[in-house]
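Trainee: structure for the following, please:
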Amino acid sequence: MNKEVSALYASNIPDIAEDFGTITLRVGRILTETEVAQVGGCLGYALRVYVAGEDLGEPEGVAYRDGQTVIRYWYDSTKAQRSDPDPQHAFQVAATFIFEGTPVRRSNKAGPLTAGTRLIDGIGPVALAFSVDEDPEPTPPAADALPDPSELLAAHQAMLDAQTRYAQAVAAFRGQA
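Mentor: Got it, this is the predicted structure:
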């Protein structure tokens, strides 16, 4: 039997309720823009197969904190077209896809010379933590209102005048004035 066996990698997948509106994925390293797209593609592929709901769109947000990448997606799981959606299993499969890539194609149905390739490559073993309907990080408070433009111009002119006086004082000190 020539069956591909996936290695087990560490991932944190809590109990997932069937109805959720957001997915947050914490990846244990800083990802490139390409890797963020690969992660989204792998997650979307698994959700399409095991939940059969709407397509996973672009990330709602990507943040880099403490050597991690935090990716947040909007996803309405109530639009599942299966009578028995299994988001828990979808996230387990998504973790494997993120590590290894989507399944190896066995035929050339996707085009010439596609047999033996993957639709989406994985990013390799990395710590993953999935969560759903997690409150996003609080946004920083709004900045104070900008000053009147005339105040900015006056402050700019005062700075230029101070720089001129400073340059003259340095030149006088050095005996160049």
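Trainee: for Ser131, grab phi and psi.
Mentor: Per-residue torsions, Ser131: phi -150, psi 160 (degrees, to the nearest 10).
Trainee: check contacts around it.
Mentor: By CB atoms under 8 Å, 6 or more residues apart in numbering, Ser131 lies in contact with Pro14, Ile23, Thr24, Leu25, Arg26. (Each C-beta comes from the backbone N, C-alpha and C, glycine too.)
Trainee: of those - the most surrounded one?
Mentor: Highest neighbour count within the contacts of Ser131, by other CB atoms under 10 Å: Ile23, with 25 neighbours.
Trainee: which SSE is the residue nearest to the spatial centre of the chain in?
Mentor: Nearest to the centroid of the C-alpha atoms of the chain, with distances taken as CA atoms, centre = their mean, sits Ile71, at 3.1 Å. Assessed by DSSP states H and E, Ile71 sits inside strand 68-74.
Trainee: that strand: which residues count as buried?
Mentor: Using 16 or more other CB atoms under 10 Å as the test for burial, strand 68-74 gives Gln68, Thr69, Val70, Ile71, Arg72, Tyr73.
Trainee: what's near enough to touch the fifth one?
Mentor: For Arg72, the contacting residues are Thr22, Ile23, Thr24, Leu25, Pro59, Glu60, Gly61, Val62, Pro136, taking CB under 8 Å, 6+ apart as the criterion.
Trainee: now with 6 Å, please.
Mentor: By CB atoms under 6 Å, 6 or more residues apart in numbering, Arg72 lies in contact with Thr24, Glu60, Gly61.
Trainee: pLDDT at it, what is it?
Mentor: Arg72 carries a pLDDT score of 94 in this model.
Trainee: hang on, the earlier thing: and which of the buried residues of strand 68-74 is nearest Gly44?
Mentor: Within the set of those, Tyr73 lies nearest Gly44; the separation is 8.6 Å, counting by CB to CB.
Trainee: which residue packs closest to that closest one, ignoring adjacent ones?
Mentor: Nearest non-adjacent residue to Tyr73, counting by CB to CB, 6 or more residues apart in numbering: Ile23, 4.7 Å away.
Trainee: and the one helix or strand the one you found maps to, what other elements does it pack with?
Mentor: Using DSSP H and E, the element containing Ile23 is strand 22-27. Using 3 or more CB pairs under 6 Å, 6 or more residues apart in numbering; DSSP states H and E as the contact test, the elements touching strand 22-27 are strand 68-74, strand 128-132.
Trainee: helices and strands around the following helix or strand past the last one, which ones?
Mentor: Meaning strand 128-132. Moving toward the C-terminus from strand 128-132, the next helix or strand (DSSP H and E) is helix 149-173. Packed against helix 149-173, as judged by 3+ CB pairs under 6 Å, 6+ apart, are no other helices or strands.
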